[in-house]
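[1] Need the 3D shape of this:
(2 chains)
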Protein chains: 2
Amino acid sequence: MTSSSSASASSLPLYQEVADKLARLIQGGVLRPGEKIPSLRKVSGQYGVSLTTAIQAFIQLEDRGLVEGRPKSGFFVRVQPKPIKEPAFQRQPAASSITQVSVGGLQSRLFDAAMVPRILPLGGAVPVPELLPMVKLNRSLAAVARRQGKSGVAYDMPPGSEVLRREIVKRTLNAGATLLPQEVITTCGATEALMLCLRAVTQPGSVVAVESPAYFGALHALEELGLRAVEIPTDPEHGMDLDALEVALTQHDISACLVVPNFSNPTGSLMPDAHKRSLVQMLAEREVPLIEDDVFGELHHGPHRPHLAKSYDEKGLVMLCGSFSKSLAPGYRVGWVAPGRYYDRIKALKLTTTLATPTLPELAIADFLANGGYDHYLRSARAFYAANTKRVGQAIRLAFPEGTQVSQPQGGFVLWVEMPTGVDALRLQDEALAHEINIAPGPMFSANQGYRNCVRISCGVPWTERLHHALQTLGKLAARQM
Amino acid sequence: MTSSSSASASSLPLYQEVADKLARLIQGGVLRPGEKIPSLRKVSGQYGVSLTTAIQAFIQLEDRGLVEGRPKSGFFVRVQPKPIKEPAFQRQPAASSITQVSVGGLQSRLFDAAMVPRILPLGGAVPVPELLPMVKLNRSLAAVARRQGKSGVAYDMPPGSEVLRREIVKRTLNAGATLLPQEVITTCGATEALMLCLRAVTQPGSVVAVESPAYFGALHALEELGLRAVEIPTDPEHGMDLDALEVALTQHDISACLVVPNFSNPTGSLMPDAHKRSLVQMLAEREVPLIEDDVFGELHHGPHRPHLAKSYDEKGLVMLCGSFSKSLAPGYRVGWVAPGRYYDRIKALKLTTTLATPTLPELAIADFLANGGYDHYLRSARAFYAANTKRVGQAIRLAFPEGTQVSQPQGGFVLWVEMPTGVDALRLQDEALAHEINIAPGPMFSANQGYRNCVRISCGVPWTERLHHALQTLGKLAARQM
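    You can find the predicted model right below:
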């Protein structure tokens, strides 16, 4: 009664109330591991809710890893998960040290394995192909090819397709930003956008502040441009440590700060909006540009699209990079950048890297966004990734050696796994490849080859027995190293 | 009789013999400007050849700019062209001087105007859209999208599509190169290929030997990478002056040499195969890599596909860059590089610029190459560009001020026009834009803002009254400056 009224006071949805109640029964040991939980019909009667609500409650319990459905038998309490903690982060020496970056070789290795069909792709952060609205996208592609005629094969010079830029701008409205189409330049994926931003505001030898751990693609770009990294400790829940960043800004001549505020890669952390505002202000005071990578922003597991740091940009110092590679069609290679005061610079630089963004892929995505039900598709994608990251996370907790920590991402579809000290992720990657499993070893996410006992596991693979077995294999391989 | 037998001795095709005879009648003043030439039937009877042969002879005379067809009236001798000379090249100080490059602003300006539909596009080197096999390409695109299913939206990580690489390699066989598919990496156009090659073999401050005049995209890439240029004089007929290059190689620490041996942009020069061999040997002796840009190679006006410098590469020092942007579909953004010993380097660098080449455009081009009649289409494209460059060149000679020199390209579709000293091409571009005509001013093609009295005119626009009028306008604007 007490808990029920308190739940009502906080106006949780009804199914959440029911799920919470059942969860308490499980966690309190009333319903024990392996035991069948009450049937849907019974729960519906007991709590005075509709069957639909009861089903939603069961799905949530399953998502939380507390119960599992068995064909024709109903729902059972799962073998009790280990207590879940956020990964206790290996804090880098950070702020005080500047590092020459070297992750390129690891990235090539990861992607070579990613292109071998028989290898289970837990390495790259690639969306689940089965989930993508291919038929509708193909229809958009065929339609624009027909409709455009000769302009479809022509160069679409920077800033790129205006219809696409208009659709992009509409979507960023939901994330608190009020951009205009003429502030956006389309790119060949966010990779080109990041590269252009770095080139616009750095010189070889410049220092860039990055998260720790950070997306290896960004680190590799730093490496190839001859830039140096200052790694700022990054909390797996709230993102970059702004106090540490402030110290670094005081100690070093930092040319740019590169951050993934929404569902950072690899930890899935979400920087609170208040922190984003502080970050933008802190950098603006020193006239340091912020390169904001938002490729995972649309894939929030919670109900709300988080804000962009760009929303708080008053001086045109935030260079917002996005793409459709994580949310829609990696192979289309369509991304974009809203580079604020660096617009002209980026537009000129783009001419020397790819000249133009592919015309028909741009237009097909614009058509799909305008007419294809992008929001409808995103809703199911979000639900899938929310459930799949939980399920895979849970399986890792069960399969990996005692002491393993697994992140609980609030968006996107990658998990950051910290194994006990002594387990070598590079060796684990080798051994996993021998079992036809690809994973991303921790040192890829560090400018100074840290995180040797960590791996990133992509959840862009639907749950199957093979996946389950692969996670168990990884756990055994890790345990054997100890 | 004498001339006839000598023609037979050199085994010219029959229509060529007939054309030569008629040409002599015209050049000798027997048939005068404006006069009707003998009818097809008459020529067929007079020279004892078939009607088809007579038609071929007439087409060749038209291509040479000697006669013009008038609807329902037959063929007439054109108003006599001015004597044609190769442009007397402004030789740059070259070899002895190294230049910081600065052409980016000019390139942005050119492309901004190129995206305005009402402006006549004589600026960018863009193929005639009407000529491109759009229906077949669209069919290939729709077919591969359907056939590929989920792999069509997936990343196609470097080296890129194997079917496309196989088709590319087959085509380079015709150009003397024996490459394997695994030696090729696909790119987002030749622009990305050039950028990757430059990044692979230079550091900021490195010196690169380039043609003079040179393609502005390459010069802009040098500029953005902080590289310095040594401009090597380039003959509009035979390409780069190898003696001058040798001097430059002795005097400077040159990191790479960037050349367009086949139909250089902007002059259309064709380096003889023997020179290509010498070029490759000269550089190999010093272990200097050659970046070979062959984007126009398929668009030869003569009967034979010229060889690639890559054909003579024994040490893996030639980095061959190609694309389908001039020959097939600019907006698809599909190019490639065969980087020899720099393969691993290029593959890793590609990950930081665009990650992957767009999947479906790659596959659509591969499908078209395999099944769509690429050779058939290329034959008509070559004939069109051969005729159109001649026709436009002829119109320029008639319309521009006395003393103007016009190149006679042996492939591709751009003309290099040298106006009398005193005419300022940048001012001419301004004035032309006011008349809704875009042209590429000479200083874009020079690392040190030379060629101020030159312009490049693209012949990627079919002949119309508007085009004719535009060329006359340009001529008047140039004359007014004198």
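[2] From now on I want contacts and neighbour counts done on CA atoms only, so please keep to that.
    Fine.
[3] which SS class is A:A143?
    Three-state assignment for A:A143 (DSSP: H, G, I helix; E, B strand; the rest coil): helix.
[4] I misspoke; the intended subject was A:V79.
    Remark: A:V79 carries the secondary structure label coil [criterion: three-state DSSP].
[5] burial of it, as a residue count?
    For A:V79, the tally of surrounding residues (other Cα atoms under 10 Å in any protein chain shown) stands at 15.
[6] In contact with it: list those residues for me.
    Contacts for A:V79 (Cα atoms under 8 Å, 6 or more residues apart in numbering or on different chains) come out as A:P33, A:G34.
[7] what's the answer for A:I119, then?
    A:I119 makes contact with A:A113, A:L433, A:E436, A:I437, A:N438, according to Cα under 8 Å, 6+ apart.
[8] And the buried ones among those residues, selectable in ChimeraX?
    Here is the ChimeraX command that selects only those of these that count as buried (16 or more other Cα atoms under 10 Å in any protein chain shown):
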select /A:113,436,437,438
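[9] if we take the contacts of A:I119, which one ends up nearest to B:A209?
    Nearest to B:A209 among these, counting by Cα to Cα, is A:A113 at 38.2 Å.
[10] isn't there a strand covering A:W336?
    Yes. The assignment for A:W336 by three-state DSSP puts it in a strand.
[11] if I look at it, how far off is A:P233?
    Plainly put, A:W336 is 28 Å away from A:P233 if you go by Cα to Cα, to the nearest Å.
[12] and what of A:T473?
    31 Å.
[13] And these two? Which one has more around it.
    Set side by side, A:T473 and A:P233 show more neighbours around A:P233, with 25 against 18, by other Cα under 10 Å.
[14] Just name the closest of the contacts of A:I119 to chain B, please.
    Minimum distance to chain B across these is 10.2 Å, recorded for A:A113 (Cα to the nearest Cα).
[15] So that closest one is in contact with A:N438, correct?
    Yes. Here A:A113 lies in contact with A:N438, judged by Cα atoms under 8 Å, at a distance of 6.6 Å.
[16] ranges for the helices of the stretch 201-350 of chain A?
    Chain-ordered helices for the stretch 201-350 of chain A, with DSSP state H, counting those that start in this stretch as the definition, fall at A:216-224, A:242-251, A:273-285, A:343-353.
[17] can you point me to the longest strand in chain A?
    With DSSP state E setting the assignment, residue counts place strand A:228-235 as the longest strand in chain A.
[18] Compute the inter-axis angle for that strand and helix A:216-224.
    Direction vectors for strand A:228-235 and helix A:216-224, defined by axes from the mean of the first three to the mean of the last three Cα atoms, to 10 degrees, enclose an angle of 160 degrees.
[19] name the helices or strands packed onto strand A:228-235?
    Contact here means 3 or more Cα pairs under 8 Å, 6 or more residues apart in numbering or on different chains; DSSP states H and E; on that basis strand A:228-235 packs against strand A:99-100, strand A:207-212, strand A:239-240, helix A:242-251.
[20] The ones you listed: which one's closest to A:G340?
    Between A:G340 and those, the tightest spacing by Cα to Cα is seen for strand A:207-212, at 18.6 Å.
[21] ok now do the residue minimising distance to the centre of chain A, which residues does it touch?
    The central residue of chain A, meaning the one whose C-alpha is nearest the mean C-alpha position (Cα atoms, centre = their mean), is A:G412 at 3.3 Å. Shown here is A:G412, whose contacts under the criterion Cα under 8 Å, 6+ apart are A:F263, A:G268, A:F296, A:G297, A:L299, A:H300, A:H301, A:Y385, A:A386.
[22] Tell me the residues of the stretch 51-200 of chain A that contact chain B?
    The stretch 51-200 of chain A has residues A:104-105, A:107-108, A:111-112, A:115, A:129-130, A:132, A:134, A:138, A:141-142, A:145-146, A:149-157, A:188-192, A:195 near chain B, with proximity defined as Cα under 8 Å from any Cα of the partner chain.
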